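Trainee: kindly generate the corresponding structure for this input.
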Amino acid sequence: MFVDVILTTTQTIPESMWSKHSEQQRCFGIEFIDRVQLVFIIPSHKQCLHLICSGKKHHYISDFTGYVNTKVSFIQTPEKITLILQSAMKLTLVVANKHYSTWPLRAWALMTHLGIDFEEHVAPLDDLQPGVNLREPWVSLSPTRRFPLLLIDYDPTSTAAPFLIWDSLAIMEFLYETHVAVWPADARARAFARSAAAEMHSGFEAVRDVCTGALGLRVELHPAKKNDPAFQADLTRLSKLIRQGLDTFGGPFLAGPAFTAADAMYCPVAFRVQTYRIVFDDAAVNAYFERLRGLDAMRQWEQAGLVEPYRLLKYDEHARQVGTVVEDLRRSA
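Mentor: Below is the predicted model:
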């Protein structure tokens with residue numbers, strides 16, 4: 001069971017505004033407690049659930065047919081009403097080697113941090129076991145033969161093909177349909193968060209090329225790599241983007257007070273700057289990445305990656321080519 005929306009944000013909305021909150025915008029609910037109005041937001045659909053409360057007497061108007069595979073319930077206390085959305089779907093997330101892979105971390109960190117229930121499967125590569133296929137049946141199910149891969153209501157005993165969502169960003173958007181906390185509630189913050197996520201999805205090639213995933217290593221980059229113009233340009237842009245989000249929406253996360261999909265997209269970068277000992281001139285940017293690394297979800301992923309017995313030798317060699325490996329924190333294979 002997931003508590004997706006809890007009434008905690010206090011706002012004042014005059015009664016004249018009620019009619020302006022329609023299915024063309026976003027569904028909403030208003031709770032009146034001693035004339036204090038609390039607002040919650042859930043994803044918009046053609047048919048939505050509305051909760052209208054007046055004083056101490058609560059009236060419910062609910063039409064939840066616009067939500068697929070979602071159950072709704074309420075918990076009422078004297079102080080507030082909590083809307084609970086419970087997904088009836090079984091989610092199976094397939095990831096790759098946690099020490100090396102970065103794209104699966106994005107989906108995994110988001111789902112783990114938000115408390116979205118899922119079954120995890122790791123489909124690793126391992127150069128220490130040549131000829132041994134550890135990726136089946138998952139790699140054959142993936143349309144791109146890459147991960148992450150999200151399977152909906154996967155039944156290994158069924159002959160029917162499972163419903164699949166691939167690519168981290170597509171998975172995040174799918175999850176948003178039933179878990180509003182995936183993106184910020186504020187429209188402008190949500191737009192910025194999506195822009196930042198899309199830029200990470202399609203950009204920062206120089207950082208990716210130099211700083212491949214290797215979360216258990218500590219590498220001192222060679223000056224030629226560290227001072228490469230394209231690499232430095234990426235770091236400058238990265239710092240500017242992070243600072244823009246923090247300044248505009250007040251932090252401590254990229255688009256406001258809560259961790260969202262935008263932050264999940266930058267989680268691998270938090271490990272990259274740690275691995276390759278990158279320090280930004282802006283202390284706020286360094287603190288942001290440290291904040292991401294301190295999240296429970298990130299610590300769980302890191303610890304799992306450090307004890308993995310698998311090795312991808314070309315990535316280990318890449319780290320030695322771009323710099324000097326000064327420490328290897330992994331458990332011996």
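Trainee: where do the helices sit along the stretch 201-333 of the chain?
Mentor: 205-210, 223-226, 229-249, 261-275, 283-293, 296-307, 313-322 (DSSP state H, counting those that start in this stretch).
Trainee: quick one: closest of those to residue 216.
Mentor: helix 296-307 (5.0 Å; CB to CB). C-betas here are computed from N, CA, C, even on glycine.
Trainee: off-centre distance for the closest one?
Mentor: Centroid separation for helix 296-307 versus its chain: 15 Å, with CA atoms, centre = their mean, to the nearest Å.
Trainee: name the element the residue nearest to the spatial centre of the chain belongs to?
Mentor: For the chain, residue 110 is the residue whose C-alpha lies nearest the centre (CA atoms, centre = their mean; 2.9 Å). Assigned by DSSP states H and E, residue 110 belongs to helix 103-113.
Trainee: who touches that helix?
Mentor: 91, 93-96, 98, 116, 118, 120, 146-148, 150, 167-168, 171-172, 175, 182, 259-261, 264-265, 267-268, 271, 295-298, 300-301 (CB atoms under 8 Å, 6 or more residues apart in numbering).
Trainee: which residue ranges of the stretch 101-250 of the chain form strands?
Mentor: 119-122, 149-152, 163-166, 217-221 (DSSP state E, counting those that start in this stretch).
Trainee: tell me which of the ones you listed sits most buried.
Mentor: Across these, averaging neighbours per residue (mean count of other CB atoms under 10 Å) puts strand 149-152 on top, at a mean of 22.
Trainee: and it, C-alpha only, in PDB?
Mentor: Extracted C-alpha coordinates of strand 149-152, given in PDB (Å, rounded to 0.1, in the frame of the first residue of the first chain):
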ATOM      1  CA  LEU A 149      13.000  -2.800 -17.900                       C
ATOM      2  CA  LEU A 150       9.700  -2.500 -16.100                       C
ATOM      3  CA  LEU A 151       7.300  -5.400 -16.500                       C
ATOM      4  CA  ILE A 152       3.600  -5.000 -15.600                       C
END
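Trainee: which other helices and strands contact that strand?
Mentor: strand 91-95, helix 138-141, strand 163-166 (3 or more CB pairs under 8 Å, 6 or more residues apart in numbering; DSSP states H and E).
Trainee: now do it: distance to the chain's middle.
Mentor: On CA atoms, centre = their mean, the centre of strand 149-152 falls 15 Å from that of its chain.
Trainee: strand partners (parallel or antiparallel) of it?
Mentor: strand 91-95 (antiparallel), strand 163-166 (antiparallel) (DSSP bridges).
Trainee: average model confidence for the last one?
Mentor: Strand 163-166 shows an average pLDDT of 96 in the prediction.
Trainee: can you list contacts of it?
Mentor: Contacts of strand 163-166 (CB under 8 Å, 6+ apart): 141-144, 146, 148-153, 171, 174.
Trainee: still on that earlier bit, the helix holding residue 110 to helix 261-275, inter-axis angle?
Mentor: Here helix 103-113 runs at an angle of 120 degrees relative to helix 261-275 (axes from the mean of the first three to the mean of the last three CA atoms, to 10 degrees).
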